[in-house]
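[1] quick check, what structure comes out for this input:
(chains A and B)
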Amino acid sequence: MQRQIPLILTGVIGFVMLLYFFVPHPFISGPGHFFEDAVIIVVAFAIVLGAANLLTFNGEIIARRGKDWPYKVVLLVSMFAMIAIGLVEGERYLEPETVFSWMYNTFYASMQATMFALLAFFIASAAFRAFRIRNLEAGLLAVAALFVMLGRVPIGNVISAHWPNGIQLPQISDWIMENPQNSAKRAILMGAALGVMSTGLRIIMGIEGSFARSGGNS
Amino acid sequence: MRPRASRPSPLRSGTTGLPHPVPRLRATSFAVLGFLALVAGVARAQTPPATARATTTSSLPALSAAAADVQNDNGQALHVQWTAPAGVEQVIVERGSTPAGPFTVLDTVSAEGGSFDDNDVPRGKPVFYRLTGLGAHGPTPPAVIGPVVAVAQWFNTGRTNVAFFSVIFFAFVLFFLWSSRGGRKLFVRRIAGIDAIEEAVGRATEMGRPVLFVPGVQDIDDIQTMAALVILESVARTAAQYETKMIVPTNYPVPFTLAQEMVKNGFLEAGRPESYDPNSVRYITSEQFAYVAAINGIILRDRPAANLYLGAFFAESLILAETGFSTGAIQVAGTANVHQLPFMVVACDYTLIGEELYAASAYLSREPRLLSTLKGSDYMKVVIILLLLIGSVIETSFVLKNPPTQSLGQVSSPFKSWFRTE
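    Predicted structure coming up:
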């Protein structure tokens, strides 16, 4: 029974949500809306579990002066500082003039931008490896990339300004993006969409063994 | 209808036959008259446009209007359309339950739009609309239309095509499910990326280093996260058999609790529940780049020998994969986010592309019931390919017969139009 109830709930709710896509009548859309709202409540409860894990995992390491414990102290102090400031400032904590917003914009946003900026360097290093011509496919990739990159920058216009119409670099770039690239992308998307349907169906039907088993052991 | 002071009051007529003394009757009458005058004054003050219309109507004709139920909805929307005479700039849209009112002003909209969607209509009850045009020459006479009733539909006809193909897909799946029960063996092609997962765990075991599993950066409502968590159980089982440590950082609380269950189940199924480390699954944060920074820290400090990135990834995919590459770890990635696939292909040793991510659980388990869904997908692909070929022929012949005057997308055959959804 402990295993079957979660499976029945999953199946019924999954089937209602499937019907919800096709049936706008309140008989189905009403429960559909309710389940959507219920997700928010479930997630709100789960946040407590996440925060508890963060606290116990890092707290244990700090208590036994484990590896990298000073970093854990920084993490927990930051977390409690933000929670405390948010609680003190109440409902208006997100407004621009609050201390919470200042802390967020000054510390977190800067660090976030730093992480994102790393992407530029990683793209360069990854592109360097990707464009090494080791076989025919890699050669085709490099040539296509060359046309696309040149066609998307002003120098590409300058280079091919006097070439015949139809084979200028921006036109070649657009053709590559709209035809071979787009068709390959759509093929992957169609396959992925079918994968989504089959995964959803497996879960609704309760034949995805892992979920069935986890229901029994939890 | 707006109350008027001049209308005969039922209260007054009702009081005329009563045997009250004259002074008392007069006093009562004055009180009633005063009250009615007050009500009329308040009503007039509350409805200035109606008063203005009644007194300063221009020579413009009333709007020609119609209202109809919005199709394929839950019965709470009506669509109002009008044709405004020249000189009308704005339209006041009011709604009431009787043709005589009272009407409530819904909005004042531009007359050019020619329509208004009322999305908060009481379901199943007849309503009336009063439309008044406003222009430089004053308001038009009000046009009252109705009754119209908002009705809920039982089927969204704009999604007939999706329903049709869903039924075909489900029929394929059910057929193969039934076939697998009869003992029919289902062939599934080799997927190198999934085979490489065991190889990666084995390598981590040989090197005595942990396995890092990142289940994407989306919450549980993304089916890619679900697919990743199903694969996590198989990876945990393999790791338990090899007695290799796992690190599973998660970025949302619900995937965190599910990942804990999956890893625990994997260790239980491998017969090594005592090896399960509750700290192997960690909740980090829901902030994208803070999560990435934490994983990069784990990669650089703990030096996992195998990094598995399976799930939904966005801008962080290359940051993770390149950091992992710099440590020399074997890396297997998988996502259905097409825009991130090139980064993963470049930076990782193996990549599960799109549908392969969803096929992994069936492929790893070899469970006939799960494989039947893969076969259903494959046959559905055959149907799609046939439709693409047929559609190409029909569309080409249609465009040749009806050449577009401006662009190729200007015309489309009914065959192509049928595939559009609402």
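[2] pull the longest helix from chain A.
    Secondary structure of chain A per DSSP state H: the longest helix is helix A:26-63.
[3] need the helices for the chain, in chain order.
    With no chain named, the answer covers chain A. Counting by DSSP H, the helices of chain A are A:4-22, A:26-63, A:69-89, A:99-103, A:109-130, A:136-151, A:154-159, A:169-176, A:182-205, A:209-217.
[4] oops, I was thinking of chain B
    B:10-15, B:22-46, B:48-56, B:160-181, B:192-207, B:223-242, B:253-269, B:288-302, B:317-326, B:341-347, B:355-365, B:368-401, B:414-418.
[5] relative to residue B:221, how far out is residue A:57?
    25 Å (Cβ to Cβ, to the nearest Å). To be clear about C-beta, it is placed using only N, CA and C from the backbone, and glycine gets the same treatment.
[6] neighbour count for those two, which is higher?
    A side-by-side neighbour count of residue A:57 and residue B:221, using other Cβ atoms under 10 Å in any protein chain shown, places residue A:57 first with 16 against 12.
[7] could you measure from the more buried one over to chain B?
    6 Å (Cβ to the nearest Cβ, to the nearest Å).
[8] for that residue, what are its contacts?
    B:279, B:282 (Cβ atoms under 8 Å, 6 or more residues apart in numbering or on different chains).
[9] report how many residues lie close to residue A:162.
    As a burial measure, residue A:162 scores 7 neighbours (other Cβ under 10 Å).
[10] ok, now the one 4 residues further on?
    Using other Cβ under 10 Å, residue A:166 has 8 other residues around it.
[11] and the residue of chain A found nearest chain B, what is it in contact with?
    Residue of chain A nearest chain B, by Cβ to the nearest Cβ: residue A:195 (3.0 Å). Applying Cβ under 8 Å, 6+ apart, we find residue A:195 in contact with B:227, B:336, B:354, B:355, B:357, B:358, B:359, B:377.
[12] do the same with residue A:61
    Taking Cβ under 8 Å, 6+ apart as the test, what residue A:61 contacts is A:67, A:68, A:69, A:72.
[13] pLDDT value on the third one, please?
    Right, the one you point to is residue A:69. Looking at residue A:69, its pLDDT stands at 93.
[14] what sits against it?
    A:61, A:62.
[15] can you check the one 3 residues further on too?
    Shown in contact with residue A:72 (Cβ under 8 Å, 6+ apart): A:58, A:59, A:61, A:62.
[16] and if you look at residue B:226?
    A:199, A:203, B:220.
[17] near chain A, list only the ones from the contacts of residue A:195.
    For chain A, the contacts drawn from the contacts of residue A:195 by Cβ under 8 Å from any Cβ of the partner chain are B:227, B:336, B:354, B:355, B:357, B:358, B:359, B:377.
[18] now these as JSON lines including neighbour count?
    Shown next, in JSON lines, are those (neighbours: other Cβ atoms under 10 Å in any protein chain shown):
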{"residue": "B:227", "neighbour count": "30"}
{"residue": "B:336", "neighbour count": "28"}
{"residue": "B:354", "neighbour count": "24"}
{"residue": "B:355", "neighbour count": "25"}
{"residue": "B:357", "neighbour count": "32"}
{"residue": "B:358", "neighbour count": "32"}
{"residue": "B:359", "neighbour count": "28"}
{"residue": "B:377", "neighbour count": "26"}
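[19] adding distance to residue A:51 and pLDDT, write those out as TSV.
    Below are the ones next to chain A among the contacts of residue A:195 laid out as TSV (distance: Cβ to Cβ, whole Å; pLDDT from 0 to 100):
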residue	distance to residue A:51	pLDDT
B:227	27	92
B:336	30	94
B:354	35	90
B:355	36	92
B:357	30	93
B:358	31	92
B:359	35	92
B:377	39	92
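[20] so can I have a markdown table of the contacts of residue A:195 showing distance to residue A:76?
    Below are the contacts of residue A:195 laid out as a markdown table (distance: Cβ to Cβ, whole Å):
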| residue | distance to residue A:76 |
| --- | --- |
| B:227 | 33 |
| B:336 | 36 |
| B:354 | 40 |
| B:355 | 42 |
| B:357 | 35 |
| B:358 | 38 |
| B:359 | 41 |
| B:377 | 46 |
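[21] which single one of these is nearest to residue A:132?
    Residue A:132 has its nearest neighbour among the contacts of residue A:195 in residue B:354, at 25.6 Å by Cβ to Cβ.
[22] so how far is chain A from residue B:170?
    For residue B:170, the distance to chain A - Cβ to the nearest Cβ - is 7 Å.
[23] show me which of the contacts of residue B:226 is closest to residue A:102.
    Among these, residue B:220 lies closest to residue A:102 (Cβ to Cβ), at 33.0 Å.
[24] list the contacts of the residue nearest to the closest one when sequence neighbours are not counted.
    Once flanking residues are discounted, residue B:220 sits nearest to residue B:254: 4.3 Å by Cβ to Cβ, 6 or more residues apart in numbering or on different chains. By Cβ under 8 Å, 6+ apart, the residues touching residue B:254 are A:42, A:43, A:46, B:219, B:220.
[25] tell me the pLDDT at residue B:254?
    As predicted, residue B:254 sits at a pLDDT of 92.
[26] go through stretch B:90-104 and flag the buried ones.
    Buried residues in stretch B:90-104, counted by 16 or more other Cβ atoms under 10 Å in any protein chain shown: B:90, B:91, B:92, B:93, B:94, B:95, B:96, B:97, B:101, B:103.
[27] just checking, the second one touches residue B:105?
    The reference is to residue B:91. No: using Cβ atoms under 8 Å, residue B:91 makes no contact with residue B:105, being 11.3 Å away.
[28] okay, now the unreliable bits of the stretch 301-422 of chain B?
    B:408-410, B:422 (pLDDT under 70).
[29] quick one on the thing from earlier: which one (most neighbours) among the contacts of residue A:72?
    residue A:58 (21 neighbours).
[30] which residues touch that one?
    A:72, A:75, A:76.
[31] give me the pLDDT for the nearest residue to it once chain neighbours are set aside.
    Counting by Cβ to Cβ, 6+ apart, residue A:72 is the residue found nearest to residue A:58 once chain neighbours are left out, at 4.0 Å. At residue A:72, the model reports a pLDDT of 94.
[32] could you do residue A:206 as well?
    Reported pLDDT for residue A:206: 84.
[33] how many residues are close by it?
    Residue A:206: 19 neighbours (other Cβ under 10 Å).
[34] could you do residue A:146 as well?
    14.
[35] quick one: pLDDT of it?
    So, for residue A:146, pLDDT stands at 92.
[36] now swap in residue B:88 and tell me
    Predicted confidence (pLDDT) for residue B:88: 85.
[37] ok, residue B:248 - contacts?
    Contacts of residue B:248 (Cβ under 8 Å, 6+ apart): B:212, B:213, B:214, B:215, B:232, B:259, B:263, B:280, B:281, B:282.
[38] cutoff 10 Å now
    Residue B:248 is in contact with B:211-215, B:229, B:232, B:235-236, B:255-256, B:259-260, B:262-263, B:280-282, B:308, counting by Cβ atoms under 10 Å, 6 or more residues apart in numbering or on different chains.
[39] residue A:8 versus the residue nearest to residue B:220, what's the distance?
    From residue B:254 to residue A:8 the distance is 20 Å (Cβ to Cβ).
[40] equivalent analysis for residue A:208, please.
    Per Cβ to Cβ, residue A:208 is found 15 Å from residue A:8.
[41] looking at the two, which has the bigger crowd around it?
    Neighbour count, other Cβ under 10 Å: between residue A:208 and residue A:8, residue A:208 has more, with 27 against 13.
[42] so which of the contacts of residue A:72 comes closest to residue B:272?
    Among the contacts of residue A:72, residue A:61 lies closest to residue B:272 (Cβ to Cβ), at 24.4 Å.
[43] wait, residue A:158 touches residue A:169, no?
    Yes: at 9.4 Å, residue A:158 counts as touching residue A:169 under the criterion of Cβ atoms under 10 Å.
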